[in-house]
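Participant: okay, predicted coordinates and the sequence, questions at the end:
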Amino acid sequence: MSAAQAGDFLRALAMHNPAPETELRYTTPFTLLVAVVLSAQTTDAAVNRCTPALFAAAPGPVEMAALGAEGIAPFIRTIGLWQGKAKNVAALCSLLVERHGGEVPTDRAALEALPGVGRKTANVVLNVAFGESTMAVDTHIFRLGNRTGLAPGRTPREVEDGLVRRCPAELLRDAHHWLILHGRYVCKARRPECWRCPAATHCNYGDKVAAPG
DNA sequence: ATCCCGAGGG
DNA sequence: CCCTCTGGAT
């Protein structure tokens, strides 16, 4: 699809943003970073259930590092991959203290050097906490970008670059979040529900999908 | 049963 | 490229 059409597509989705708060509920770079690291392969609800107690016990990287993996684990046993995440968060916080003066680094290379932080997580932090024009691409956004023609690409990185180029600047903040939700609940891997899609008029994929009935 | 709002490792 | 780690949602 054309760049103009892509802009209309994204504006239509943004207007019907199903989750206006999202990651923005984590108001500091540190809490955001930890919450996003915990989010892998789990739901927001599961993460949001355990983070209040975790951050009450360890408000900053110094306290979190002091807890260690053994101390962190009890707070996050209800979410997926908790063993690895407990180790990652503990190691990550030690590095924040030792190498970055207890601050979350603002550059991609330093972020991605932290345990448990890959390109997707780094992009979320750069975008939400530091206002960078990044797009965090997960499996949903990868599929959506290709299926709709919004940002086709053979690799997640190609889709990411296409989306950053085509997303209207004023929508870029936290755009990954409503795109992911749209991919999860409407533009699903199986049985996409195009009849519920607010951007359907800007996408030709719906021609291949029958309405229910 | 199957897939994930991933990352790290072989 | 493939696998594994985990609880939860469907």
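Facilitator: It's in.
Participant: mind listing what residue A:57 touches?
Facilitator: Going by Cβ atoms under 8 Å, 6 or more residues apart in numbering, residue A:57 touches A:63, A:67, A:71, A:75. C-betas here are computed from N, CA, C, even on glycine.
Participant: out of those residues, who's nearest DNA strand C?
Facilitator: Using Cβ to the nearest atom of the strand, residue A:75 comes nearest to DNA strand C of the contacts of residue A:57, at 12.7 Å.
Participant: my guess is that closest one meets residue A:47, correct?
Facilitator: No - here residue A:75 does not reach residue A:47: they are 11.1 Å apart, not a contact under Cβ atoms under 8 Å.
Participant: can you check which helix is longest in chain A?
Facilitator: Counting by DSSP state H, the longest helix found in chain A is helix A:82-100.
Participant: are any of the contacts of residue A:57 buried, and which?
Facilitator: Buried members of the contacts of residue A:57, scored by 16 or more other Cβ atoms under 10 Å, are A:67, A:71, A:75.
Participant: does the first one sit in a helix, a strand or a coil?
Facilitator: By that I understand residue A:67. Secondary structure, DSSP: H, G, I helix; E, B strand; the rest coil: residue A:67 is helix.
Participant: and the second one, by the same measure?
Facilitator: State at residue A:71, reduced to three classes by three-state DSSP: helix.
Participant: related to what we said a few turns ago, of the buried ones among the contacts of residue A:57, just say which sits nearest to residue A:113.
Facilitator: Set against residue A:113, the nearest of the buried ones among the contacts of residue A:57 by Cβ to Cβ is residue A:67 (21.7 Å).
Participant: which residues are in contact with the closest one?
Facilitator: By Cβ under 8 Å, 6+ apart, the neighbours of residue A:67 are A:57-58, A:90.
Participant: go on, residue A:153?
Facilitator: Counting by Cβ under 8 Å, 6+ apart, residue A:153 makes contact with A:142, A:145-146, A:159-162.
Participant: so which residues on chain A come close to DNA strand C?
Facilitator: For chain A, the contact set with DNA strand C under Cβ under 7 Å from any atom of the strand comprises A:41-43, A:45-46, A:77-84.
Participant: highest neighbour count among those residues?
Facilitator: Neighbour tally across the residues of chain A next to DNA strand C (other Cβ atoms under 10 Å): the maximum, 20 neighbours, falls on residue A:79.
Participant: show me the contacts for that residue.
Facilitator: Residues near residue A:79 by Cβ under 8 Å, 6+ apart: A:38, A:42, A:46-47, A:50, A:85.
Participant: distance of it from residue A:134?
Facilitator: 25 Å (Cβ to Cβ, to the nearest Å).
Participant: next one: residue A:11
Facilitator: 19 Å.
Participant: looking at these two, which is more packed in?
Facilitator: Each of residue A:11 and residue A:134 has its neighbours counted (other Cβ under 10 Å); residue A:134 has more, 23 against 16.
Participant: can you tell me the closest non-neighbouring residue to the more buried one?
Facilitator: Nearest residue to residue A:134 in three dimensions, chain neighbours excluded: residue A:123, at 4.1 Å (Cβ to Cβ, 6 or more residues apart in numbering).
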